[in-house]
Structures are given as C-alpha cells and as structure tokens.
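A.B. asks: Show me the folded form of this:
(chains A and B)
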Protein chains: 2
Amino acid sequence: MSAWCTRPAASRASSVASDLLPVEEARARILAALAPTAAETVALPEAAGRVLARPVAARLTQPPADVSAMDGYAVRAADAVEGATLSMIGSAPAGRPFAGEVGPGQAVRIFTGGFVPAGAEAILLQEDATAEGTAVRVNETVKAGRWIRRRGLDFTEGHEVLAAGRKLTARDIGLAAASNNPWLAVHRKPRIGILATGDEIALPGDPIPAGGIVSSNAHALAALVKGAGGDPVVLPIAPDDTHAIAEVAGTAHAFDLLVTTGGASVGEHDLIQKALGGEGFELGFWKIAMRPGKPLIWGRLGRTPVLGLPGNPVSALVCGVVFLIPAIGRLSGLPGDPPPTRRLITAVPIAENDRRADHLRSAISYDSEGRMRVTPAEMQDSSMLATLARADALVLRAPFARALPAGAEVEAIVLADLGV
Amino acid sequence: MSAWCTRPAASRASSVASDLLPVEEARARILAALAPTAAETVALPEAAGRVLARPVAARLTQPPADVSAMDGYAVRAADAVEGATLSMIGSAPAGRPFAGEVGPGQAVRIFTGGFVPAGAEAILLQEDATAEGTAVRVNETVKAGRWIRRRGLDFTEGHEVLAAGRKLTARDIGLAAASNNPWLAVHRKPRIGILATGDEIALPGDPIPAGGIVSSNAHALAALVKGAGGDPVVLPIAPDDTHAIAEVAGTAHAFDLLVTTGGASVGEHDLIQKALGGEGFELGFWKIAMRPGKPLIWGRLGRTPVLGLPGNPVSALVCGVVFLIPAIGRLSGLPGDPPPTRRLITAVPIAENDRRADHLRSAISYDSEGRMRVTPAEMQDSSMLATLARADALVLRAPFARALPAGAEVEAIVLADLGV
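C.D. replies: Prediction:
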C-alpha cells in the first residue's frame, strides 16, 4: 500500500475521533492524488462549461477605433456650442466608417458603434440637436471626449481575455468569439467509469431477484458526473464475485477515475481487496467521520485512481457531492474546491451532533421577508432516497456540534447550486 | 398586430415612465404567450435536467419487507434480555432472505438491508452481543421494533415519487431507478433558432469587413440556451437586407422560439418589420425600462414566437438572462420564474438610479467572516463584454432606486446560480 492511502500520523480533527478520518482530510487526500486531464482543441460552441487549458488572448482590438456610444453627430468640440449651426457632410453608421475628415463647422451623422471620423473629438447627441436637411443646429454645448468609446476600451489585441483554469460561461464564449477565437484549448472531460457491485441488484425494468433491489446508484452517479462536467461510463453490474470484479480491472485504464458503489463495508471490502489484489490494486480503506456514508475505498488500479462509494444510495449520493464532484473538478482542471455552502437560518431546533460530520437532508422555504430558511427532515434514515430527492439542501453539522435553537445560522450545501 | 403584442392600458410601474415597458411586465407577457413543448419518452439516463411531463409512480415497494437497519441478530423481543443466550439458526444478508422462522430462544444473523425473518421483531446490535459458534449472548436488552426499517419506509408501489413539472436532478434519477422506472416522459427540449443580423458582423476566424466586428451573440446565446435546457440552432448570419431576413421566415416553423439579435433599435426594427411583414409576421416592439438592453422585439411568425434581442452583446446577454432563460423554462415545462436572486451586501456605495431598471455588472468577494459582498464595476458601459464576462453577479437596481451606502443590502442575480 502506498503512502498516499495510509492514515496520516496526526491531524487536528482526527485527534477527536482517532479511528475515523475527517471529511476534509479524506477530500484533501483524494484531490492531492488527482491531476487535470490533458488539453484538447474544441470549436468555440463546444467549449461552454469546459475548463480552459490555455489562456485566450484577444486577436483584435475592440473597439477597433474610437466609436460613438450614442446616436448623434460627430463634431469638433470647439464648434459645437449652443446656438451654432453645423453642416452635415456625411454619415458613419456602425460598420460603415466615414472616409473623410470633419472640418471646422462640419458634422457627420453618427450611430452607436460608428467610428468617430478624423477631425471629430466630440459627439453631439441626437436629442441635443435639430436637423433640417444638411443643417444641424446645436441645442446644447458638447464636451470633448464625451460619448466616445476609446479604441480598446473592451480589449486589446494580444492581451489575455480569459485565463487558463477558467470554467467557461456563456459570457466567456461571447468574449472569446468577439476577440476572434474560433478554437479553444480546454481540458478533456474526465472519463469516469462507474461500477455497481452486488448480487442482489438489478437494472430498472429487469427481473428482480428474490430479496433484491433495483440498482439506482450507477445512473444517479452518472447524472451527477455529467452535471459536474465529467463523461460517465456505466459498466455492467458486477456480482459479489472475485472473478467478475477482477474482470473490471482490465478496463480501468480507460478511465480517469473508476467509481465503484457497494463493496465498501467492512466485510465487502475484503472481497474487493481479494478480487483486485492480483491486478496491481493498491487499496486504501477509510472509515470517515461522516454520516451518511462512513466507509470509503480509495486506491489505485495501475494508473487509474479508484473511489469506492458505499452501496447505500443515499450515502453514495452524499459522498458523490462531498468527494466525487470536487474530484471531477480537479480532473477537469479546476482546483476541486469543496462544495459551495451558504449560511442559512434553521426554521427548527437542531439536536447536538455526535462524532460524525452530518449532512442533514433539508427543505428550503422562504420567510415573510423572502429569506431562505432550512428545515431538516424529521427522519434522517440513510435508506430514504425519496427524502434525499425531495431535499433542497444538506445542512452541515460538524462533529460534536452543539444543539441549535430555531433561528440559528447553519452552513448548508444548496443542492441546486451544484446542479444535483 | 395581435392583442398580446400591443401595449397594456395601464400598469403600476408603467405609470412612472409611460413610454417604457417595465421589465416584469415584458417578461410576464412573453411567458403568457408560450406553452410547454409536448412530451417524449426518454431512457432514464437521458432524463437528468429534463422536466417531467408526467408523474412517476413507484413500481415496487421499498423496502419490499421489514429490513434491518444495522448488522446484528434478528430476535424475538421477549427473548433478548440482558444475560440471555440465544441459538443462531441461520443468516439473512441483504438480498438473501432467511426462509425459516425465528422461534423462542433463537436468533438469525442479519446484515443491513437483510429481511427481518418471520417470528423476529427486534434487532440485537452486533456490538451488544457476544457470539461463540452458534451461541449468541445478549449484552443489552433489545427494544421491539428498534433498528427495523418498515416495509415501504422509502416508497410504496403505485404511489407518486416524482411530480410532473419537476426538473430532474441526479437524485431524482436515482429515485426513478430505485422505484423501477427505466423510461420517463419528459418535455421535449425546446428548439431555439438563433439568428444574428447585421452587415458588419463576421464569424470568428472569418475575414472581418472594414469597420466590422466579430459576431459573438449567436454562440454566446447558444451556450446560454444549452445551459438553460434548450436545444440551440445557430442560423447563418443574415445581412441587413429584407430578402435575406425574409428567407429566415421560411425556416421559423422548425423552432419553438426564434431569437434574433440586432435589428432591434428604432431604425433597424423597421427593416425587420418590412422584411417579415409579408411572411405573416405579427411584430411587437417594446422599449423596456431597463439597462442595458432597452429595445426588444416580441412577435410571432406563423406559430413561432420571435424574441428580438439587441445587437449589443452585453445587452443581448443580459436580456438573455432576464427574458430568454425564463422563456426556455416555460417552453421546457417549468413555470418560467424570473432569475433567482440573492440578497447581498454591497461593498461600495451605489448611486441613485434613473427610470430604467439597471443590472450592474458586479464582482463577488468574501468578507473576513466568509460572507458574500458585491462590488459593481466602476464602468458599466454596455459595450464592455470583458466586464460582463468577469462579472459574478448582476446587482438589480429598480427604477428610481435611491442611493445606497456601502454595507447596504441589494438584490442580485448570481450568474453562477443560472449556469451562465
């Protein structure tokens, strides 16, 4: 077993519950073992939601020249004083620059985005002028430079407009387009193999063995992986059989991360250990100070990291939020930050916590002033998938957190913030 | 022009600025004219992020029988008193029910998820027992019913687990799977045609005409549409030419909504009007009391609604957030709520507002206590796409909103909340 999957000598939190690994430490160790995927070139429209592998520099200057910010007249500032009448010598709509120069006493009709013609250094607003034929009467004295957008106000050729490591938004796609970048270098979507194990599970619609249940983890995790920017590959269910599990070992190299569900409880983990031991599997098995989802497998099969989630669907999904989404972030080229949290007010009292960090499935409601309130579900039984599906937030309860009255502030993961 | 694209007789806000339509009213009228797409059947893994067109009922009961919540021994409650010794007659792991019955003085080894065998009505926890061969010594008296998850605790066959109209999360996919639903009826993704118009625009990488700019709207809006759950179709750029624009009319029937950019300023709108007039276009033209993005076209080309956004990229994207995302929501089967907002604290003073609702491009930072702060960018020039791309939030300023000191509360759209 390599150093990165053994227990650390000591840590602040683990001193509290010495046989359990704190959530933050487990996450930090997972992230430390992952590296971003390599870059690929994609066409601009495919790049939304992807993480830039190289910075994007502007390939032109925007605006390319001084342009008008308003509809009106391009004038010499000294000429356009209240009461003066100017002679209109042409026009400069956006996209069709006026070729000549504005001389003394002259004006050029200009529209928003139109290039300010040579000679002009002020814009007389349309509403501050009266035009009759080519005569333009100035009703309000202009100010030099006013209503002119300077060349390069938005960006300048050669300068970076988007930094490497940025997850590209629709706005970024617009900026990359406007700065004339049809291709972008982004990190390849991490390919995440998902393997559900267990004798008793069947795919939805398939015959269910006596005493069995329908497999929900693989497809729920696939949706979570997709939402987090990964490329999920759902593998056929493997029975609790060393041969079947070992077969998977042969496919692991195809993935940037192999996620298993089931086989992570104390007895089961021996099976995984035994099945994969011959395949060069370096196994770490952690009991995590968290609820739901205490046991976690973390290891490496050849070059492929392996994250073993609990078989319980609620635990698997909560561990997905806590560990897998940050892991996909790191593989995608992001830092792999912990799930974002918000500080919300609890609508009900919350009991004190034991030594495991808890993730209370909670509903969000709004008070009379429109502020968010959270209400943890009364039953937090980890078998209740319907309760998890109905939840809007996971209220975080640190190990040994004290009881809280209604109205107290809590830290919560709002699941919609993660798109899960 | 049909009634739904004419001005309303009166409204609370329009009385303030009578020639400008308030944002809320424009949005309400857009939404009122849209209906959800029809249903389609998709395989479970394709349904994440889609909106359910029909409710999902459980096709089985979960758990299918009373099951153990812990590892231990299934016992008769009356027998398992402290100091007693029971005889182990078999085992009931998850997925492999014990066929017999627990008689007086007997126990069955049971694991989490294992069916509680006939005769037993309590679970003796593993840690409260000492086993030697088939003898199990009771170290702590059990409580009847404790550590048993009742049949149907999670869901019951025939009962609704997911309501129509719900946007499906990864958790919902898990719940649909666990309740044995391999197929789901969801609203078809709305197909959104996107047409950029203008003589002066070129696609990224193409030769740029003199005085021209690179088109950024179509692909930025396509990314926004995709992120909001729509299926974008980017049409070739149409020059400012009645014939070219009219050609598009012939393709509009293919879309659930046609979005145009450009051609929405006062002079341009006449061109669109003229180009499409002969194609059965019912045009509405609204000046909206908002900044950036004041003019908006709203109309209908045959059966296809048309949303005409400003050509200015910042205005187009802000209008995309304010009008297009809710419109896609409505088409997708959601209510089409306004963009969600948060109440945040401004880090700097904010000036009073004029009669247009403003959307200040702002950065989010965190104070020493980890609370979000917003700082509006100093220059709010609507030509600055880089400023929009760098923004984390749009601070909403109502018409005539008063000046605010640093530390005041503001309402803001956090762009990451929308995935844009």
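A.B. asks: Every contact and neighbour count from this point should use C-alpha atoms.
C.D. replies: OK.
A.B. asks: I'd assumed residue A:112 was in contact with residue A:70.
C.D. replies: Yes. Contact status for residue A:70 versus residue A:112: in contact at 4.5 Å, counting by CA atoms under 8 Å.
A.B. asks: So which other helices or strands are in contact with the helix or strand harbouring residue A:282?
C.D. replies: For residue A:282, the host element (DSSP states H and E) is strand A:281-287. Packing partners of strand A:281-287 (3 or more CA pairs under 8 Å, 6 or more residues apart in numbering or on different chains; DSSP states H and E): helix A:266-277, strand A:295-301.
A.B. asks: What ranges does the stretch 1-150 of chain A have for its helices?
C.D. replies: Taking DSSP state H, counting those that start in this stretch to define them, one finds helices in the stretch 1-150 of chain A at A:23-32.
A.B. asks: Chain B contacts on that one?
C.D. replies: Residues of the stretch 1-150 of chain A lying close to chain B (CA under 8 Å from any CA of the partner chain) are A:44, A:45, A:48, A:64, A:94, A:95, A:96, A:97, A:115.
A.B. asks: State the distance from the fourth one to residue A:103.
C.D. replies: Relative to residue A:103, residue A:64 is positioned 23 Å away (criterion: CA to CA, to the nearest Å).
A.B. asks: hmm, back to that, what's the most buried one of the helices and strands packed on strand A:281-287?
C.D. replies: Each of the helices and strands packed on strand A:281-287 was scored by mean neighbour count; the highest is strand A:295-301, a mean of 24, by mean count of other CA atoms under 10 Å in any protein chain shown.
A.B. asks: That strand close to chain B?
C.D. replies: No. Strand A:295-301 stays clear of chain B (CA under 8 Å from any CA), getting no nearer than 13.8 Å.
A.B. asks: Which other helices and strands does that strand contact?
C.D. replies: Short answer (3+ CA pairs under 8 Å, 6+ apart): strand A:295-301 packs on strand A:281-287, strand A:304-309.
A.B. asks: Now do the longest one against strand A:304-309, angle only.
C.D. replies: This means strand A:281-287. Inter-element angle recorded for strand A:281-287 and strand A:304-309: 30 degrees (by axes from the mean of the first three to the mean of the last three CA atoms, to 10 degrees).
A.B. asks: can you pull the buried residues of strand A:281-287?
C.D. replies: Residues A:281, A:282, A:283, A:284, A:285, A:286, A:287 are the ones in strand A:281-287 that count as buried (16 or more other CA atoms under 10 Å in any protein chain shown).
A.B. asks: For residue B:108, state which of those residues is nearest.
C.D. replies: Nearest to residue B:108 out of these is residue A:287 (CA to CA; 26.9 Å).
A.B. asks: What sits closest to the closest one if chain neighbours are left out?
C.D. replies: residue A:295 (4.6 Å; CA to CA, 6 or more residues apart in numbering or on different chains).
A.B. asks: strands paired with the strand holding residue A:282, and their directions?
C.D. replies: Strand A:281-287 has its sheet partners listed here by DSSP bridges as strand A:295-301 (antiparallel).
A.B. asks: Pull the distance from the strand it pairs with to the chain's centre.
C.D. replies: 25 Å (CA atoms, centre = their mean, to the nearest Å).
A.B. asks: what does stretch A:96-109 give?
C.D. replies: That offset, for stretch A:96-109, works out to 49 Å (CA atoms, centre = their mean).
A.B. asks: re earlier: which one of residue A:64 and residue A:103 has more residues nearby?
C.D. replies: residue A:64 (19 against 16; other CA atoms under 10 Å in any protein chain shown).
A.B. asks: who touches that one in this structure?
C.D. replies: A:151, A:152, B:211 (CA atoms under 8 Å, 6 or more residues apart in numbering or on different chains).
A.B. asks: The residues you listed in strands, which ones?
C.D. replies: The strands, defined by DSSP state E, take in nothing from these.
A.B. asks: Go through those and say which is closest to residue B:361.
C.D. replies: Closest to residue B:361 out of those is residue A:152 (19.1 Å), distances taken as CA to CA.
A.B. asks: tell me which element residue A:330 falls in.
C.D. replies: Element membership for residue A:330, per DSSP H and E: helix A:325-332.
A.B. asks: okay if I get the buried residues of strand A:281-287 as a markdown table plus pLDDT?
C.D. replies: Below are these laid out as a markdown table (pLDDT from 0 to 100):
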| residue | pLDDT |
| --- | --- |
| A:281 | 74 |
| A:282 | 78 |
| A:283 | 75 |
| A:284 | 79 |
| A:285 | 75 |
| A:286 | 83 |
| A:287 | 87 |
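A.B. asks: that older thread, just checking, what packs against the helix or strand following the strand holding residue A:282?
C.D. replies: Per DSSP H and E, the first helix or strand lying C-terminal to strand A:281-287 is strand A:290-291. Using 3+ CA pairs under 8 Å, 6+ apart as the contact test, the elements touching strand A:290-291 are strand A:357-366.
A.B. asks: Please identify the buried residues of the strand it packs on?
C.D. replies: Result for strand A:357-366 [16+ other CA under 10 Å]: buried residues A:357, A:358, A:359, A:360, A:361, A:362, A:363, A:364.
A.B. asks: Contacts for that strand, please.
C.D. replies: So strand A:357-366 is contacted by A:22-23, A:289-292, A:318, A:372-377, A:380, A:387-388, A:390-399 (CA under 8 Å, 6+ apart).
A.B. asks: sorry, back to before: and of the buried residues of strand A:357-366, the nearest to chain B?
C.D. replies: Closest approach to chain B among these (CA to the nearest CA): residue A:361, at 12.0 Å.
A.B. asks: Would you verify that residue A:394 is located in a strand?
C.D. replies: Yes. Assigned with DSSP: H, G, I helix; E, B strand; the rest coil, residue A:394 falls within a strand.
A.B. asks: What's the separation between residue A:83 and residue A:137?
C.D. replies: In terms of CA to CA, residue A:83 sits 7 Å off from residue A:137.
A.B. asks: For the two, indicate the residue with more neighbours.
C.D. replies: For residue A:83 versus residue A:137, neighbours defined as other CA under 10 Å are more numerous around residue A:137 (19 against 12).
A.B. asks: And the pLDDT at that one?
C.D. replies: For residue A:137, the model assigns a pLDDT of 96.
A.B. asks: That one and residue A:85 touch, don't they?
C.D. replies: Yes. At 4.3 Å, residue A:137 and residue A:85 qualify as touching, with contact defined as CA under 8 Å.
A.B. asks: Output the host helix or strand of residue A:175 as CSV - backbone C-alpha positions only.
C.D. replies: Residue A:175 belongs to helix A:170-178 when assigned by DSSP H and E. Only the C-alpha atoms of helix A:170-178 are listed here, as CSV (Å, rounded to 0.1, in the frame of the first residue of the first chain):
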residue,chain,number,x,y,z
ALA,A,170,-21.9,31.7,-22.0
ARG,A,171,-20.4,35.1,-21.4
ASP,A,172,-16.9,33.8,-21.9
ILE,A,173,-17.9,32.1,-25.1
GLY,A,174,-19.2,35.6,-26.3
LEU,A,175,-15.9,37.2,-25.2
ALA,A,176,-13.8,34.5,-27.0
ALA,A,177,-15.9,35.0,-30.1
ALA,A,178,-15.8,38.8,-30.0
